[in-house]
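Student: after the sequence you'll find the predicted model.
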Amino acid sequence: MSNSEGKKKNPEWLDKLNSFYIKLNVCQKNYLNTIIFLGLMLMWFIPFGFNNSKYLLLIFIFFWSSAIIYDFVSIYNKIYSSLLGKAFLLLCFSLCTNFSVAISGLVINDITGVAPTNFPHTMVLLSIAIIPFLTILVMGVIYLILILSAPLLIMYYFIFDDDFKRIIMPGYVTANKIFLYKTTRAIQTVSFACYFGFLYGFSHLIINDYNHFITTQTTKFIYTFEMYSKFPCQINSGMKIAFIGDGNVLTAKKENSRTYFKVMECNTFGK
């Protein structure tokens, strides 16, 4: 008996499952893994509760995030591949940078009461820390767009055929459709909407704590690195100052773990 005859034949359902899995691309495999672990998590959660299924929840979130990130990178590469897409990305980055700098200036002014340009190092670091706020805003916008555009996406992928698309969109070229094209697009749309909706809702639970963290750390940074303990002004000892121009200084004094800022005139000794 030959080796091939001696081998045990795989069950038919296993061969079909293997054939089905081979046809999937990386994106589809990511979503398939996500759906599998979602099912396992729900099956374990119902009888055993949250505490005994939290590790499955973390694995599910990992695979879900991997699928979303992979899709986002693919979308980014498609946008970046064209000249118009590069211009669009540059515009988005410029807007985000300016918004971040503007918000950081408002935070510094709210803390100190003076122009934020007096503290350039703080503005740079705070602008980076503002990025999560902008990310939350972008997530909310994407979630709203997906919800509002869901009927149009359903019509585009499930109702309109290629001939009709060529009529309403001159220059439309039929792409090489992937295996289970319509199902994949439906899963991606629902997944994106749920993912960004979940993150946007969860962010509201921690945004106040993050805002307090930003304010506290900005105050400490200004007091520690942007103000000076030696100065020629007639100001009480135990205070630090920052020179803000026009003969004025910003003073800072710590009392009971809080820092108080006040603008004063710098009267030098001997005057």
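Tutor: Sure thing, it's come through.

Student: grab the nearest non-local neighbour of residue 147.
Tutor: residue 193 (6.3 Å; C-beta to C-beta, 6 or more residues apart in numbering). Quick note: C-beta positions are derived from backbone N, CA and C, even for glycine.

Student: buried ones in the one helix or strand residue 15 maps to?
Tutor: Assigned by DSSP states H and E, residue 15 falls within helix 12-23. The neighbour-count check on helix 12-23 (16 or more other C-beta atoms under 10 Å) flags nothing as buried.

Student: which helices and strands does the helix or strand just after that helix pack with?
Tutor: Sequence order places helix 26-48 as the next helix or strand after helix 12-23, per DSSP H and E. Helices and strands touching helix 26-48, by 3 or more C-beta pairs under 8 Å, 6 or more residues apart in numbering; DSSP states H and E, are helix 54-80, helix 181-225.

Student: show residues contacting helix 26-48.
Tutor: 21, 24, 52-53, 56-57, 59-60, 63-64, 66-67, 70-71, 74, 178-180, 184, 187-188, 191 (C-beta atoms under 8 Å, 6 or more residues apart in numbering).

Student: count the neighbours of the residue nearest to residue 147 for me.
Tutor: The local packing of residue 193 (other C-beta atoms under 10 Å) involves 18 other residues.

Student: what separation is there between it and residue 65?
Tutor: Distance, residue 193 to residue 65, using C-beta to C-beta, to the nearest Å: 15 Å.

Student: please apply the same query to residue 97.
Tutor: Distance from residue 97 to residue 65, by C-beta to C-beta: 25 Å.

Student: please apply the same query to residue 221.
Tutor: 31 Å.

Student: circling back: show me which of the contacts of helix 26-48 are buried.
Tutor: Buried subset of the contacts of helix 26-48 (neighbour count, 16+ other C-beta under 10 Å): 24, 53, 56, 59-60, 63-64, 67, 71, 184, 187-188, 191.

Student: follow-up on the earlier one: redo the helices and strands packed on helix 26-48 as JSON lines? Include mean pLDDT and distance to residue 239.
Tutor: Below are the helices and strands packed on helix 26-48 laid out as JSON lines (pLDDT from 0 to 100; distance: least, C-beta to C-beta, whole Å):
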{"stretch": "helix 54-80", "mean pLDDT": "92", "distance to residue 239": "48"}
{"stretch": "helix 181-225", "mean pLDDT": "90", "distance to residue 239": "10"}
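
Student: nearest approach to residue 90 belongs to which of the ones you listed?
Tutor: Residue 90 lies closest, by C-beta to C-beta, to one member of those: helix 54-80, at 10.3 Å.

Student: helices or strands up against the helix or strand just after that closest one?
Tutor: Using DSSP H and E, the helix or strand that follows helix 54-80 towards the C-terminus is helix 83-112. Judged by 3+ C-beta pairs under 8 Å, 6+ apart, the packing partners of helix 83-112 are helix 54-80, helix 120-129, helix 131-154, helix 181-225.

Student: could you list the buried residues of helix 83-112?
Tutor: 96, 100, 103-105, 107-108, 111-112.

Student: before we move on, the earlier item: and the helices and strands packed on helix 26-48: which comes nearest residue 89?
Tutor: helix 54-80 (6.2 Å).

Student: who does the closest one touch, helix- and strand-wise?
Tutor: Checked by 3+ C-beta pairs under 8 Å, 6+ apart, helix 54-80 has helix 26-48, helix 83-112, helix 181-225 packed alongside it.

Student: make CSV out of those and add distance to residue 134.
Tutor: What follows is those, written out as CSV (distance: least, C-beta to C-beta, whole Å):
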stretch, distance to residue 134
helix 26-48, 26
helix 83-112, 6
helix 181-225, 12
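
Student: mind checking these for the one nearest to residue 263?
Tutor: Of all the helices and strands packed on helix 54-80, the one in closest proximity to residue 263, counting by C-beta to C-beta, is helix 83-112 (8.8 Å).
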